[in-house]
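[1] what shape does this take:
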Amino acid sequence: MINRGKSRVSAIRVTALVVFFSTILLLLSAQAIAAEGGAGKVQSFDGHTFTNDEFSLDPYLGKVPILLDFGSIYCTTCVQSIPHLIVMQNKYGTDKLKVVGVNLDTYGLGRVKRFFNSFKENLNFPILIDRSLSISSAFDVLTLPTYILIDKNAEIVATIVGWDEDNKAKLEKIVDKVVSGEAISAEEKLVKSDVTILAPSNFTVTYQRAIWVVGLTGDNPGPFTVRLNGGTEYEVEVYEDEKFAARIPLSYGSNFIEVVYPKGADVGTQAVVLFRDPRMGEGMGVNFPEYAFHIESREEQCLDCHDIMPAEGEMGMTMVCDVCHGYQTKKKYVHGPIPVGGCPACHDFESAPKRFELTSMGSELCFTCHGDVMAQFERKNVHGPVAMGFCTVCHNPHSSSFKYQLNSSQTELCLSCHDGMNEKLSGLYVHAPVENDECTGCHDPHSSENDTYFLKGNGAGLCALCHSESLMASHTHPTGGKALKIYDGMLLDADGNYICKSCHNPHSSDSPRLSPVVGGCNGCHEKLIAVPTSEEEEEERAWYEE
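    The predicted structure follows:
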């Protein structure tokens, strides 16, 4: 929580993947110097291999032809090309050709090492880990796999994008020409697939949970699929045999997005790397531009089918946006402005160069309508996402299947950060608010004057919100009385008196009456109280559910 009374900001929990990814970035080191305009002399770069050995391109640059292989262990065709590159290196020897692998897997170092170590005895060329994608960015690598051939004059003479039998034959022919000193034709200088990924842009960052993958089929009949991080595959829709699109979820950290399609008897792929950063915490530490779909150069590809900009006088209409973004408004609870054509209430239709930017950022935007909530930000203890202005951590700004446009059910939403509570909620007997998915029955999700867990009340006062004093009076145990029997770990107030939590766990328990000790009352009263019958247990359960 954020404790304003002590002027202290507590650390915000970020997922384990984010922490792991940041750690990997600190462990790896690489530095690349860009080729001058892609057409001049290539400058040397230094880096570390997957075995953490130092490597420099300098001993080879300007002396022998160099083949740079940019790939990922999650890229099927990247992996398929490695044996052929080994054969190629053996064929020419390092005095005539130097093959250098550049791996773009910027997290999951253990998996990367295990993969390459499984056949490192057969590897005859170094494979570098591209720390923050600086090497691949310097060479303008836009998709994977990409092969860049540098001649012995340190100039880029050919770029081959994608791997299949056709490109394999072309690469072998081009390499043979360069090694032999023959000239390269204009057609051979750039070999790429007719299939093109238009969005998302390679080596960019987004905060979105899911994203559209859009591209051109290049007259390829398909079928197309999108593979994420070498695993899950998603269906792709093809429009008028020219364009394809698929919406896929993103994980925190690096997302290797691979479009898979048939190419003759083989399989072709195009791939990009997109980072998803959390809105809270310190982020990934990846200094790449934020991805934006609505920029003029990209929208030009869409104008044949889409009326992207509403006509004059129709700026408030949602219909134009709904053609592509309608899926965001189809759930039960819809954000108020949307049904009345209110996209401009939050989005600036005249922003540039990124179009449809938010009119304000974070909670400032929400306060333009929800000003009544502002007072909650001034309480003593403010929930982390609220204090940072990240309303969308919990609320969907478009529509949701859950009340208050929550991103998921209350319990699931709270556990997405407070995962340490899982065990505390798994008892045999569950407190009614927990069972009914109502964490907010006891906890204020925004802020509280209470120093403990944003509770809506203190001690028995909180319990009395549901359990009336007259109801509790019918039970004879001396709540508030001096503790006479104390079990190990019993919770008491500052004066040593019983409190509700002395005998009842507020979330769940494996003992009747939500007792925090095995045996319930007998845990203290040493078998002097009869174990409740099943009927009595049902009565107790009904009492707690009132």
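
[2] touching the host helix or strand of V102 from outside, list them.
    In this structure, V102 is located in strand 98-103 according to DSSP states H and E. Residues from elsewhere that reach strand 98-103 (Cβ atoms under 8 Å, 6 or more residues apart in numbering): 50, 55, 57, 60, 64-73, 82, 85, 88-89, 112, 116, 124-130, 135-136. Heads up, the C-betas are built off the backbone N, CA and C, glycines and all.

[3] okay, now the sheet partners of that strand, with direction.
    Paired neighbours of strand 98-103 in the sheet (DSSP bridges): strand 66-71 (parallel), strand 127-129 (parallel).

[4] show me what secondary structure element comes after that strand.
    helix 109-117.

[5] count the residues that sit near N505.
    Using other Cβ atoms under 10 Å, N505 has 21 neighbouring residues.

[6] wasn't it part of a helix?
    No. With DSSP: H, G, I helix; E, B strand; the rest coil as the criterion, N505 is assigned coil and is not in a helix.

[7] any idea how far it lies from Y487?
    Shown here: N505 relative to Y487, a distance of 13 Å by Cβ to Cβ, to the nearest Å.

[8] domain map for this structure?
    46-191, 196-276, 328-455, 459-526 (the TED database).

[9] as JSON lines, these with distance to P289 and mean pLDDT would be great.
    Shown next, in JSON lines, are the domains of the chain (distance: least, Cβ to Cβ, whole Å; pLDDT from 0 to 100):
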{"stretch": "domain 46-191", "distance to P289": "11", "mean pLDDT": "91"}
{"stretch": "domain 196-276", "distance to P289": "6", "mean pLDDT": "89"}
{"stretch": "domain 328-455", "distance to P289": "10", "mean pLDDT": "89"}
{"stretch": "domain 459-526", "distance to P289": "44", "mean pLDDT": "80"}
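
[10] what's the closest of these to F293?
    Nearest to F293 among the domains of the chain is domain 196-276 (5.4 Å), distances taken as Cβ to Cβ.

[11] start to end distance for the closest one?
    Domain 196-276 has an end-to-end distance of 22 Å (Cα to Cα, to the nearest Å).

[12] and what of stretch 149-163?
    15 Å.

[13] how about the strands paired with strand 98-103 in TSV, adding distance to P353 and mean neighbour count?
    TSV is the format used below for these (distance: least, Cβ to Cβ, whole Å; neighbours: other Cβ atoms under 10 Å):
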stretch	distance to P353	mean neighbour count
strand 66-71	28	24
strand 127-129	33	24
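
[14] which residue ranges of the stretch 251-400 of the chain form strands?
    With DSSP state E, counting those that start in this stretch as the criterion, the stretch 251-400 of the chain has strands at 253-263, 266-276, 333-334, 347-348, 357-358, 381-382, 399-400.

[15] make that the stretch 1-150 of the chain, sorry
    2-3, 8-9, 46-48, 54-56, 66-71, 98-103, 127-129, 146-150.

[16] tabulate the ones you listed (JSON lines), appending distance to A169.
    Listed next are those as JSON lines, based on distance: least, Cβ to Cβ, whole Å:
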{"stretch": "strand 2-3", "distance to A169": "62"}
{"stretch": "strand 8-9", "distance to A169": "60"}
{"stretch": "strand 46-48", "distance to A169": "30"}
{"stretch": "strand 54-56", "distance to A169": "29"}
{"stretch": "strand 66-71", "distance to A169": "15"}
{"stretch": "strand 98-103", "distance to A169": "17"}
{"stretch": "strand 127-129", "distance to A169": "24"}
{"stretch": "strand 146-150", "distance to A169": "13"}
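
[17] ok so, going back, the strands paired with strand 98-103: which one's closest to K168?
    K168 lies closest, by Cβ to Cβ, to one member of the strands paired with strand 98-103: strand 66-71, at 12.5 Å.

[18] the closest one vs strand 266-276, what angle?
    Put simply, strand 66-71 runs at 70 degrees to strand 266-276, going by axes from the mean of the first three to the mean of the last three Cα atoms, to 10 degrees.

[19] what about dumping the CA coordinates of strand 66-71 to PDB?
    Provided in PDB are the C-alpha atoms of strand 66-71 (Å, rounded to 0.1, in the frame of the first residue of the first chain):
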ATOM      1  CA  ILE A  66      31.100 -12.900 -43.000                       C
ATOM      2  CA  LEU A  67      27.600 -14.500 -42.800                       C
ATOM      3  CA  LEU A  68      25.500 -13.100 -39.900                       C
ATOM      4  CA  ASP A  69      22.700 -15.400 -38.900                       C
ATOM      5  CA  PHE A  70      19.900 -13.700 -36.900                       C
ATOM      6  CA  GLY A  71      17.500 -16.100 -35.200                       C
END
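
[20] tell me how far it is from the chain's mean position?
    28 Å (Cα atoms, centre = their mean, to the nearest Å).

[21] any residues touching that strand, and which ones?
    57, 60, 78-79, 81, 85, 88, 97-104, 136, 139, 141, 144-150, 175.

[22] quick check: angle from that strand to strand 146-150?
    Going by the same axes, to 10 degrees, strand 66-71 makes 170 degrees with strand 146-150.

[23] and I86, how many residues sit next to it?
    Counted with other Cβ under 10 Å, I86 comes out at 16.

[24] and what of the one 4 residues further on?
    Per other Cβ under 10 Å, the neighbour tally for N90 reads 11.

[25] list the contacts for it?
    So N90 contacts N124 (Cβ under 8 Å, 6+ apart).

[26] and for E121?
    By Cβ under 8 Å, 6+ apart, the contact set of E121 is empty.
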